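Below is the sequence, then the predicted model.
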Amino acid sequence: MKKITHLTFLVSCITLCFSSCKKDDFSSSYLKGKLDGVPFESNSNITANTPQPGQSGPSDPILNITGDWPGYILKLHINELTPGNNISAGTYFFESGKTRSATMWENNTLYYAGSSTFCFCPIILHGSGSITISSIDKKYVRGSFQFTSEPNMGITKTVTDGEFYIKRN
């Protein structure tokens with residue numbers, strides 16, 4: 001009887017050890033956050049581009065992330081297309097003169113944060129924000145983001161607690 005009790009106890013301990021060792025399940029892409037304090041999660045068209053080598057420069061200089069949910073489209077963009085720069089783990093702040101941005105359409109109304117790069121216009125920072133890459137490779141990109149848009153018709157949009165894990169395709 002003692003052997004059965006000990007064996008049952010041992011099997012229970014082993015089962016408990018393996019069941020508590022949980023791996024993160026990243027089998028599907030996600031893009032989520034809070035828009036003006038209200039949680040959102042993209043449920044379709046979640047994409048991140050594959051590495052696109054520059055003409056004579058880095059092997060992964062541009063990152064475009066897109067996701068949408070009913071009535072909304074969100075695009076995040078980082079362009080490090082200068083000699084020797086790859087997109088790697090780190091925080092990319094929206095700065096004047098840097099091609100980093102967040103663009104959101106809410107029922108066809110545009111909200112933008114980032115640096116303008118239009119021809120013949122001075123490069124001006126609109127709104128504020130950042131994109132943090134925690135890991136990136138040829139297959140996946142993972143990170144976080146936050147931004148506050150430039151006012152559009154007096155309305156500013158703020159995205160906080162943004163997170164993404166996306167298969168690059």
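Done, it's in. Just so you know, these numbers come straight off a predicted model, no measurement behind them.

So what touches stretch 153-169?
The contact list for stretch 153-169 (Cβ atoms under 8 Å, 6 or more residues apart in numbering) reads 26, 29-37, 46-51, 65, 67, 74, 76, 102, 104, 106, 109, 111, 127, 129, 138-150. Glycine gets a C-beta too; all of them are placed from N, C-alpha and C.

typo on my end, stretch 78-97
Residues contacting stretch 78-97 (Cβ under 8 Å, 6+ apart): 54, 56-63, 98-102, 113-115, 123-125, 127-136, 147.

switch to 6 Å and redo it
Here stretch 78-97 makes contact (Cβ atoms under 6 Å, 6 or more residues apart in numbering) with 54, 57-58, 60-63, 99-100, 113-115, 123, 125, 128-133.

Buried subset of the contacts of stretch 153-169, written for PyMOL?
Applying 16 or more other Cβ atoms under 10 Å to the contacts of stretch 153-169, the buried members can be selected in PyMOL as follows:
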select buried, resi 29+31+32+33+35+46+47+48+49+51+65+67+74+76+102+104+106+111+127+129+141+142+143+144+145+146+147+148+149+150
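
Just the ones of the contacts of stretch 153-169 in strands?
Among those, the members falling in strands are 30-35, 46-48, 65, 67, 74, 76, 102, 104, 106, 109, 111, 129, 140-148 (criterion: DSSP state E).

where exactly do the helices run in the protein?
2-20 (DSSP state H).

Tell me which helix or strand in the protein has the weakest average pLDDT.
The weakest-scoring helix or strand in the chain, judged by mean pLDDT, DSSP states H and E, is helix 2-20 (a mean of 44).

so where's this structure shaky on pLDDT?
Residue ranges of the chain with pLDDT under 70: 1-27, 53-58, 81-84, 117-122.

Just list whatever residues bridge to Lys75.
Thr66, Thr103 (DSSP bridges).

burial of it, as a residue count?
Residues within reach of Lys75, counting by other Cβ atoms under 10 Å, total 16.

Quick check on the contacts of stretch 78-97: which are buried?
Looks like the contacts of stretch 78-97 have 54, 58, 60-63, 99-100, 113-115, 125, 128-133 buried, using 16+ other Cβ under 10 Å.

Now, these that are in strands?
Mapping those onto strands (DSSP E) picks out 62-63, 99-100, 113-115, 125, 128-133.

Among these, which pair sits farthest apart?
Ile62 and Ser128 (21.6 Å; Cβ to Cβ).
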